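K.L.:
Sequence and predicted structure, then a few things I'm wondering about:
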Amino acid sequence: MKKKKKSGKKILFSILIILLLLAAIAIFIDRDEKAVEQPQQREAVVTSNTYTQVIDISGYVEPYDSQTLRFRSTGAVTAVYVDEGDKVEEGQLLASIDNTSQLASLQDVRNQVEEAELNGSKRELELLRLKETAAENALEYTNIVAPFSGEIASVDVDEGDYFEGGDEVITIVDRSKLKATVEIDEIDMQYVKEGQKAELIFESCPDEVVQAVVSYIPMLGRYSDQGIGVVDVELLIEDPPSLIMPGFTFEGTLEDESEVEMLLIPQSAIKRGRGGLETVNKKMDDGSVETIEIRTSYLGEGLAELLSGNLKEGDVLVYGASQGGM
């Protein structure tokens, strides 16, 4: 019986040793897991880069000038002097309506002017002079003349037709130059100025880069459907290739010749909180860490541009491990 008791004590002692070994192994495993879970602290330096601002644009071209012409008097059309496609010069007569009544009125008032010059009073003569000018204008309104040099795009009138004053008759366009309106974001407007060069690519001539310039910047912007402020900037193509016609679309760039400097930080160094708040950990000279609020714009390739925040080139950022103040 004594031998059996000693054997039982040995078994209990062996079990106790095994339990202690298992506990020690569990502690080591837990420490290893925590070491794997805890990220290593990393450092990055705020750097600067100088670049030229390039703005992507797109749109379609229009004639440099286009106008729909109307008779300013009522009557039957007596003559049409042009056809669609004709080239015309500024001031050229394009169409006329019956001017018999206007001629008679003008002659009548001129006769009255002659009589008043001989026998009338000064006041009467002044009034007749005004009537003479009105009669001359009425006669002029029976003709349509070209307001600028260009081409006839459409003719919607024939000899013998009857037109009311204000009816559309002829459309004239100037295609010697082309223009386009492009939408510029409010953020990019700081880089746009009159006379600035643009490069355009058209599908009708994909191998040719067409040069344009900013010809007009309006004083007022507008609120777009996307909820941002935009400005409709006008471009001018001075000598367009023959393959480009009004209505053709393009894509291109508007380049600011001045150089812009920006500060770059790694995207991974940025922490984001509620409401889009962005912060980084800045390493101070004494080794401590300060949390800095910033605002950035993601550029791609793991880099972000610093838009605002108390950082400068050469500042060291720490990330990848828990830091005080975050």
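P.N.:
Sure thing, it's come through. Residues are numbered from 1 along each chain as shown.

K.L.:
just the strands in the stretch 101-250 of the chain please.
P.N.:
With DSSP state E, counting those that start in this stretch as the criterion, the stretch 101-250 of the chain has strands at 143-145, 150-155, 162-163, 168-185, 197-202, 205-216, 222-223, 229-237, 249-266.

K.L.:
for the chain, longest strand please?
P.N.:
Counting by DSSP state E, the longest strand found in the chain is strand 47-70.

K.L.:
now the angle from the very next helix or strand once past it to strand 150-155?
P.N.:
As assigned by DSSP states H and E, the chain's next helix or strand after strand 47-70 is strand 75-80. Here strand 75-80 points in a direction 130 degrees away from that of strand 150-155 (axes from the mean of the first three to the mean of the last three Cα atoms, to 10 degrees).

K.L.:
Neighbouring strands of strand 75-80 in the sheet, and parallel or not?
P.N.:
strand 93-97 (antiparallel), strand 162-163 (antiparallel) (DSSP bridges).

K.L.:
In TSV, list the ones you listed along with mean neighbour count, distance to residue 74 and mean pLDDT.
P.N.:
Placement of C-beta: from N, CA and C, glycine included. TSV is the format used below for the strands paired with strand 75-80 (neighbours: other Cβ atoms under 10 Å; distance: least, Cβ to Cβ, whole Å; pLDDT from 0 to 100):
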stretch	mean neighbour count	distance to residue 74	mean pLDDT
strand 93-97	20	8	96
strand 162-163	15	7	92
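
K.L.:
and the gap between the closest residue to residue 214 other than its chain neighbours and residue 253?
P.N.:
Leaving out its chain neighbours, the residue that sits closest to residue 214 by Cβ to Cβ, 6 or more residues apart in numbering is residue 196, at 4.4 Å. Per Cβ to Cβ, to the nearest Å, residue 196 is found 11 Å from residue 253.

K.L.:
more neighbours, those two?
P.N.:
residue 196 (19 against 14; other Cβ atoms under 10 Å).

K.L.:
residues contacting the more buried one?
P.N.:
213, 214, 254, 255, 256, 257 (Cβ atoms under 8 Å, 6 or more residues apart in numbering).

K.L.:
got it, and residue 56?
P.N.:
Neighbours of residue 56 in contact, by Cβ under 8 Å, 6+ apart: 251, 252, 253.

K.L.:
Now do the contacts for the closest residue to the last one other than its chain neighbours.
P.N.:
Leaving aside its chain neighbours, residue 253 sits nearest to residue 54 (5.2 Å; criterion: Cβ to Cβ, 6+ apart). Residue 54 makes contacts with 253, 254, 255, 256, as judged by Cβ under 8 Å, 6+ apart.

K.L.:
what's the answer for residue 101, then?
P.N.:
So residue 101 contacts residue 75 (Cβ under 8 Å, 6+ apart).

K.L.:
rerun that using 10 Å as the cut-off
P.N.:
Contact partners of residue 101, counting by Cβ atoms under 10 Å, 6 or more residues apart in numbering, are 73, 74, 75, 138, 139, 142.

K.L.:
mind giving me a markdown table with those and columns for neighbour count, pLDDT and distance to residue 278?
P.N.:
Output for those, formatted as a markdown table (neighbours: other Cβ atoms under 10 Å; pLDDT from 0 to 100; distance: Cβ to Cβ, whole Å):
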| residue | neighbour count | pLDDT | distance to residue 278 |
| --- | --- | --- | --- |
| 73 | 21 | 91 | 68 |
| 74 | 16 | 93 | 69 |
| 75 | 19 | 93 | 72 |
| 138 | 17 | 94 | 71 |
| 139 | 16 | 95 | 73 |
| 142 | 22 | 95 | 71 |
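
K.L.:
Of those, which pair is most distant in space?
P.N.:
Using Cβ to Cβ, the pair of those lying farthest apart is 74 and 139, separated by 13.7 Å.

K.L.:
Quick one: mean pLDDT for stretch 53-70?
P.N.:
Here stretch 53-70 scores 93 as its mean pLDDT.
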